[in-house]
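Asks: Predicted structure and sequence below. I'll ask about it afterward.
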Amino acid sequence: MNKQITDPSYNRPLLMIILLTGVFLALLNQTIVITALPQIIGDFGIEASKAQWLITSFMLVNAIIVPISTFFIAKFSTRQLFFAAISVFLIGTALGGVSITFSMLLAARFIQAVGAGIMMPLVSNIILLITPPEKRGSAMGLMVLVICFSPAIAPTLAGSIVDVLSWRYLFYGTIPLTIAVFIMALFTLKNVTETNQNEKLNFVSIFLSTLTFGSIVYSLSLAGELGWTNGTTLIWGLVGIIALILLIVKQLNLAHPMLEFRVFKYKMFTYCCLLLTVAFGTMLGIETLIPIYTQEVEGVSAFESGLILLPGAALMGGISPFVGRVVDKIGARHLVVVGFIIIAISTIPLAIMTIPLSIDLLVILYTLRMVGVGLVMTPLQTAAMNAIPQHLISHGVAVYSTVNSIAGSIGISLIVSVYTNISNKSTVITGLFPEKYAIGITFIVITIVSGLAAILAFKLTQENRKSVLQSETVSGK
């Protein structure tokens, strides 16, 4: 297990700035290619369902790397991990800029994701260990600001670059900033956690984890190309489900599991993970779909499609620290309930995009939806961590981060595959384009899922962190 920080001499604000800046750059690249997808589709002559793997693969690799983070954090020092992560990320970024085939570009995205997958749980663990429970809401607000705001603002930034230059400059522009963070950290970053050289890595667990998440996301991706009832799609889905069962059984029988599934015995933690899946998955799915739809159907530029997403991203990022302070005062439940109600209500008009919607109205609806997302992300993470004992915090971070990455991957794959399937199979209906019909049906599905999440949000209780700690003490842990 990760040890408490023992060196009080480090500059905590400076440490957080450096680490969060590294995470910001890494996660900025998570969705930076969204508004460039139409250009990439044209350059490489591929389908949208295949191009979305440039985003999905990033989060899929995160989901594979994050569970191993508990081992990395225990085995290596803060400096070793941070410099390894940022170096790997830098290599992937450089490779992305010079890619001459789609396969090469996809490989670059995989390499980038490895670096990002190490950095995010590293930073989360440090913040949780140095922050008392009663102040975790504010701390998580800063984390959410980085985790959600950076990938959310990326499409607008990318759109402005893609309209003037090539999509390759999305990678070229990241390189000098990443090098700057590396140099800054080289002179200021200290080791803040103790290491355990006896920590062992279970390769069977890694294999099952990779097979589980890879198969499930790949199955959803195939659904967009081959259809939901296609034999290959179903086989890969079945492989993922079987691997998941084996992974759970394996972890429950290990003294030191890679993923501690026992955190799900805490009901509030489980509820928070379910709600996170809906909020984050649909957020990234819609972020991916809107630029594709507006550029290919409505004929707007890459920059304009990015601008559609900008107000929502900016407002969500702006309210995150404030939401964190509110969580510290009143708890998570009320904010989560209100947030999901806003998400559901603002999604309903998007479900009728088969009738002409102005770009201005689309911006308003999307911005309102992102406000709802901003109201739920920080409270969910805070409530999830406060629902488990201190000795399970590092495991809780690994599981929650894994769910976060999987939610993003599944959300993008599922939403794009639904849109692609309906669009490909639809004929012109009452004079409407198949794409307009397809996006309307897709948002109907999202509305239903968001509505169910709003109902589930009422199940949250005001988890008392003190009672959790007392329970931990009584049990002798």
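Replies: Noted; the coordinates are in hand. Given the structure is predicted, the values throughout are model-derived calculations rather than measurements. Residues are numbered from 1 along each chain as shown.

Asks: Can you classify residue 32 by secondary structure?
Replies: Three-state assignment for residue 32 (DSSP: H, G, I helix; E, B strand; the rest coil): coil.

Asks: Give me the nearest residue to it, chain neighbours excluded.
Replies: Leaving aside its chain neighbours, residue 32 sits nearest to residue 154 (4.1 Å; criterion: C-beta to C-beta, 6 or more residues apart in numbering). The C-beta positions use only the backbone N, C-alpha and C, and glycine is treated the same way.

Asks: What helix or strand is the one you found located in?
Replies: Taking DSSP states H and E as the definition, residue 154 sits inside helix 136-164.

Asks: Need the residues that contact the very next helix or strand once past that helix.
Replies: Where DSSP H and E defines the elements, the next helix or strand beyond helix 136-164 is helix 169-172. For helix 169-172, contacts defined as C-beta atoms under 8 Å, 6 or more residues apart in numbering pick out 29, 32, 33, 36, 93, 94, 96, 97, 108, 158, 161, 162.

Asks: Quick check: what element follows helix 169-172 along the chain?
Replies: Following helix 169-172 in sequence order, the next helix or strand is helix 174-188 (DSSP H and E).

Asks: could you say what helices and strands the helix or strand following that following helix packs with?
Replies: Next helix or strand after helix 174-188 toward the C-terminus (DSSP H and E): helix 203-226. Judged by 3 or more C-beta pairs under 8 Å, 6 or more residues apart in numbering; DSSP states H and E, helix 203-226 is in contact with helix 48-51, helix 53-65, helix 231-252, helix 393-425.

Asks: and these as JSON lines, adding mean neighbour count, distance to residue 71 and mean pLDDT?
Replies: Below are those laid out as JSON lines (neighbours: other C-beta atoms under 10 Å; distance: least, C-beta to C-beta, whole Å; pLDDT from 0 to 100):
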{"stretch": "helix 48-51", "mean neighbour count": "21", "distance to residue 71": "33", "mean pLDDT": "75"}
{"stretch": "helix 53-65", "mean neighbour count": "26", "distance to residue 71": "11", "mean pLDDT": "78"}
{"stretch": "helix 231-252", "mean neighbour count": "16", "distance to residue 71": "13", "mean pLDDT": "91"}
{"stretch": "helix 393-425", "mean neighbour count": "24", "distance to residue 71": "9", "mean pLDDT": "78"}
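
Asks: nearest to residue 295, of those?
Replies: Residue 295 lies closest, by C-beta to C-beta, to one member of the helices and strands packed on helix 203-226: helix 48-51, at 10.7 Å.

Asks: how about the CA coordinates for the closest one, as CSV?
Replies: Output of helix 48-51 as CSV, limited to C-alpha atoms (Å, rounded to 0.1, in the frame of the first residue of the first chain):
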residue,chain,number,x,y,z
ALA,A,48,-15.7,7.5,-38.6
SER,A,49,-16.2,4.3,-36.6
LYS,A,50,-12.5,3.5,-37.2
ALA,A,51,-11.2,7.0,-36.7
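
Asks: Show me this protein divided up by domain.
Replies: 12-190+258-463, 202-257 (automatic domain parsing).

Asks: Need the winner for burial among those.
Replies: Most buried of those by mean neighbour count (mean count of other C-beta atoms under 10 Å) is domain 12-190+258-463; its value is a mean of 21.

Asks: And that one, how far out from the chain middle?
Replies: 4 Å (C-alpha atoms, centre = their mean, to the nearest Å).

Asks: any idea how far residue 331 is from residue 272?
Replies: Per C-beta to C-beta, to the nearest Å, residue 331 is found 13 Å from residue 272.

Asks: Check residue 103 too.
Replies: Residue 103 is 37 Å from residue 272, by C-beta to C-beta.

Asks: Can I get the helices and strands packed on helix 203-226 in JSON lines including distance to residue 79?
Replies: Below are the helices and strands packed on helix 203-226 laid out as JSON lines (distance: least, C-beta to C-beta, whole Å):
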{"stretch": "helix 48-51", "distance to residue 79": "37"}
{"stretch": "helix 53-65", "distance to residue 79": "19"}
{"stretch": "helix 231-252", "distance to residue 79": "30"}
{"stretch": "helix 393-425", "distance to residue 79": "19"}
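
Asks: Quick one: closest of the ones you listed to residue 25.
Replies: helix 53-65 (13.4 Å).

Asks: any chance you could map the helices in the stretch 1-150 of the chain?
Replies: Counting by DSSP state H, counting those that start in this stretch, the stretch 1-150 of the chain has helices at residues 12-28, 37-44, 48-51, 53-65, 69-75, 78-97, 102-130, 136-164.
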